[in-house]
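Colleague: Give the three-dimensional model of this entry:
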Amino acid sequence: MDHFDVIIVGAGLSGIGAAAHLQDRCPETTFAILEARAAIGGTWDLFRYPGIRSDSDMHTLGYSFKPWKEAEAIADGPAIRKYVNETAQERGLTDHIRFEHAVKTASWSSTGGRWTIEVAQQGASGPTQISCNFLFMCGGYYNYAEGFTPDFTGRDSFQGQIVHPQQWPEDLDYSGKKVIVIGSGATAMTLVPAMAEKGAQVTMVQRSPTYVVSRPAKDGIANMLRRFLPEKMAYAATRFKNVQLGRFFYHRTRTRPKEVKKALIDMVRDQLGPDYDVDKHFTPSYDPWDQRLCLVPDADLFEVIKAGKAEVITDHIDCFTPQGLKLSSGEELEADIIVTATGLNLIVLSGVAFSVDGQAVNFPDTFTYKGMMFSGVPNLVQTFGYINASWTLRADLTSEYVCRVVNQLRETGTQICTPTLTDAERKMPAKPWIDDFSPGYMQRLMHLFPKQGDRAPWQNTQDYTLDKKMIRNAPIEDGALVFSQVDKARVSGSPDLERSARVA
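Modeller: Predicted coordinates for the structure are as follows:
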């Protein structure tokens, strides 16, 4: 059985970043990256629908250690995929990746002080096992196998083609076709202008509006700074600027939601003109950042609406028909293609079945430790980014923390670290993993996630400033993360536990 100090699960944006941090901060540590698919990139390799792009600027969605060099700060999928692959190649990380290795189970042994991981390997006759001292889950939070689609009445009667963005056909020809996009999230906002610009006549059907914000695709200040400052300095300055602007804006949505709402809706009115029904189609019933805002670069969504290439209809779907959709209002829409941009299915820790000393772990019964670890579960960290800022801001913090913990274990001669609740903490109010955030894709499956408490360090703050204090700057040994040693006497004499195929 091959053994590593650290195993990283997932070779997407988070996993490649995690490996780079280990290289920089824990150079003596052996590691492997297990990737279920055949390619690097995760989300940015899986999703191939038209116009796929970031909804965060790349100076914060990019890694802290690798400057984003392109002129467009709001980048498309291929550019982000190139960036992640470039990072892996520059650092020789591809040699550490085991592709088509899907992790199925992970079993912790306190006797051995290690995880034994069962992997389904493409082409193998049966499962294989790999072990590690520390397990770092970087596989994201949604199910790669399938997206979410409601049970639409009459769906099978539609005579055209139905497509979910997560399984976009490479050969789909939509030029000159009538296309209905169901949904009002970031995916729908991306698809509508991209398909309209390629000749489709697009109708976006939404149950209720979403906040839509237009920003320039290029960050003028970032591009100017790169002309006058060293690359890393310019990137750091832009990253700081964008973090602070994002933090300021989010704080305003919490403290002055009515003012922010008016400003956002007024910007849409300025784009679409006085005759457009902004109240009906672009005025949500909730406050800004109760759900994620949708970013449209260079007002591309508004431009195709003004040009008559796309329209937005706000109504409920009664049923599918052979020709398209029938709405609750009685209106019928014709379509050649219907795109169900209806969201994701969440999944906890990549769907891996975990056990500790033979007992299955039920994560809803655990409390999160700093939004990364889980009470009573040793040597396990998960990357889960921000829902109100760029994912990578928190992924970088999480990787830094893992490196600190790994080095602490090495320096203290211990092998195990376990987030441990006191008797009083066990009685904390159990709050949802993500609190104060109402989109359906979160609410549907939030009950499957760990809980958070009402005090540090048992919180998932979703606050970058607080997290820097709690994760980056707080002492590792805080009384809640308990370090211990393996009972070496119990391990000795077991060839399976002593065997170690250490790969640098």
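Colleague: Which parts of the stretch 151-300 of the chain are strands?
Modeller: For the stretch 151-300 of the chain, the strands defined by DSSP state E, counting those that start in this stretch cover 161-163, 178-182, 201-206, 212-215, 294-297.
Colleague: So Ala234 sits against Asn223, correct?
Modeller: No. Counting by Cβ atoms under 8 Å, Ala234 stays clear of Asn223, with 9.1 Å between them. The C-beta positions use only the backbone N, C-alpha and C, and glycine is treated the same way.
Colleague: Between those two, tell me which one has more neighbours.
Modeller: Shown here are Ala234 and Asn223; by other Cβ atoms under 10 Å, Ala234 has more neighbours (21 against 15).
Colleague: Show the contacting residues for that one.
Modeller: 67, 222, 225-226, 228 (Cβ atoms under 8 Å, 6 or more residues apart in numbering).
Colleague: which of those count as buried?
Modeller: 67, 222, 225-226 (16 or more other Cβ atoms under 10 Å).
Colleague: which residues of the protein score low on pLDDT?
Modeller: 438, 488-504 (pLDDT under 70).
Colleague: rerun that using 90 as the cut-off
Modeller: The chain contains residues with pLDDT under 90 at 1, 55, 122-127, 289-292, 343, 387-388, 434-446, 487-504.
Colleague: middle-most residue in it, spatially?
Modeller: Taking Cα atoms, centre = their mean, the centroid of the chain lies closest to Gly140, which sits 5.0 Å from it.
Colleague: Quick check: it is in a helix.
Modeller: No. Membership of Gly140 in a helix is not supported by DSSP: H, G, I helix; E, B strand; the rest coil, which gives coil.
Colleague: what's near enough to touch it?
Modeller: Neighbours of Gly140 in contact, by Cβ under 8 Å, 6+ apart: 10, 12, 14, 42-43, 350.
Colleague: try it again with 7 Å
Modeller: Gly140 is in contact with 10, 12, 42-43, counting by Cβ atoms under 7 Å, 6 or more residues apart in numbering.
Colleague: Excluding chain neighbours, give the residue nearest to Gln408 in space.
Modeller: Ile476 (4.9 Å; Cβ to Cβ, 6 or more residues apart in numbering).
Colleague: what number of residues lie near that neighbour?
Modeller: Counted with other Cβ under 10 Å, Ile476 comes out at 15.
Colleague: Where does it sit, in terms of helix or strand?
Modeller: Per DSSP states H and E: Ile476 is located in neither a helix nor a strand.
Colleague: Distance-wise, check it relative to Arg114.
Modeller: Separation of Ile476 from Arg114 (Cβ to Cβ, to the nearest Å): 20 Å.
Colleague: One more: Lys258?
Modeller: 54 Å.
Colleague: If you count surrounding residues, which of the two has more?
Modeller: Arg114 (26 against 9).
Colleague: ok, Val484 - contacts?
Modeller: In this structure residue 484 is Ser, not Val. If you count contacts by Cβ under 7 Å, 6+ apart, then Ser484 has 414, 416 around it.
Colleague: Got phi/psi on it?
Modeller: Backbone torsions of Ser484, given as degrees, to the nearest 10, read phi -150, psi 170.
Colleague: What residues are bridge-paired with it?
Modeller: Beta-bridge pairing of Ser484 under DSSP bridges involves Ile416.
Colleague: just the strands in the stretch 1-150 of the chain please.
Modeller: 2-9, 31-35, 97-99, 101-109, 114-121, 128-137.
Colleague: So which of those strands is nearest Leu333?
Modeller: strand 101-109 (39.9 Å; Cβ to Cβ).
Colleague: For the closest one, which helices and strands make contact with it?
Modeller: strand 31-35, strand 114-121, strand 353-356 (3 or more Cβ pairs under 7 Å, 6 or more residues apart in numbering; DSSP states H and E).
Colleague: ranking the ones you listed by burial, who's on top?
Modeller: strand 31-35 (a mean of 25; mean count of other Cβ atoms under 10 Å).
Colleague: Break this protein down into its structural domains.
Modeller: For the chain, whose domains are defined here by automatic domain parsing, the residue ranges read 2-145+345-498, 155-340.
Colleague: Would you confirm that Asn242 contacts Met58?
Modeller: No. Between Asn242 and Met58 there is no contact under Cβ atoms under 7 Å: 9.6 Å.
Colleague: and those two? which has more neighbours close in?
Modeller: A direct count of neighbours by other Cβ under 10 Å for Asn242 and Met58 places Met58 higher, at 26 against 23.
Colleague: And the lengthiest helix in the chain, what's buried?
Modeller: Determined from DSSP state H, the single longest helix within the chain is helix 231-255. Of the residues in helix 231-255, 234-239, 241-243, 246, 250, 253 count as buried by neighbour count, 16+ other Cβ under 10 Å.
Colleague: want to throw these into TSV with distance to Glu332?
Modeller: Shown next, in TSV, are the buried residues of helix 231-255 (distance: Cβ to Cβ, whole Å):
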residue	distance to Glu332
Ala234	54
Tyr235	52
Ala236	55
Ala237	54
Thr238	49
Arg239	49
Lys241	49
Asn242	45
Val243	48
Gly246	42
Tyr250	41
Thr253	38
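Colleague: just these now: which is nearest Asp423?
Modeller: Nearest to Asp423 among the buried residues of helix 231-255 is Tyr250, at 35.9 Å by Cβ to Cβ.
Colleague: and the gap between that closest one and Ser208?
Modeller: Counting by Cβ to Cβ, the gap between Tyr250 and Ser208 amounts to 22 Å.
Colleague: How about Trp433?
Modeller: From Trp433 to Ser208 the distance is 24 Å (Cβ to Cβ).
Colleague: what does Val260 give?
Modeller: From Val260 to Ser208 the distance is 18 Å (Cβ to Cβ).
Colleague: who's more crowded, the two?
Modeller: Val260 (19 against 13).
Colleague: which ones are touching the more buried one?
Modeller: 252-253, 288.
Colleague: try Met428
Modeller: So Met428 contacts 453-455, 458 (Cβ under 7 Å, 6+ apart).
Colleague: try 10 Å this time
Modeller: 367, 421-422, 451-455, 458-459 (Cβ atoms under 10 Å, 6 or more residues apart in numbering).
Colleague: now Lys66
Modeller: Contacts of Lys66 (Cβ under 10 Å, 6+ apart): 16-17, 20, 83-84, 86-87, 90-91, 232, 235.
Colleague: Mind putting those into CSV with distance to Ala395?
Modeller: Below are the contacts of Lys66 laid out as CSV (distance: Cβ to Cβ, whole Å):
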residue, distance to Ala395
Ile16, 10
Gly17, 6
Ala20, 11
Tyr83, 14
Val84, 12
Glu86, 17
Thr87, 13
Glu90, 18
Arg91, 16
Lys232, 19
Tyr235, 17
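Colleague: Identify those among those that sit within helices.
Modeller: Checked against DSSP H, those include these in helices: 16-17, 20, 83-84, 86-87, 90, 232, 235.
Colleague: Who wins on neighbours among the residues you listed?
Modeller: Highest count within the ones in helices among the contacts of Lys66 by other Cβ under 10 Å belongs to Ile16, 31 neighbours.
Colleague: hang on, it packs against Gly41?
Modeller: Yes. In terms of Cβ atoms under 10 Å, Ile16 counts as a neighbour of Gly41; the distance is 8.6 Å.
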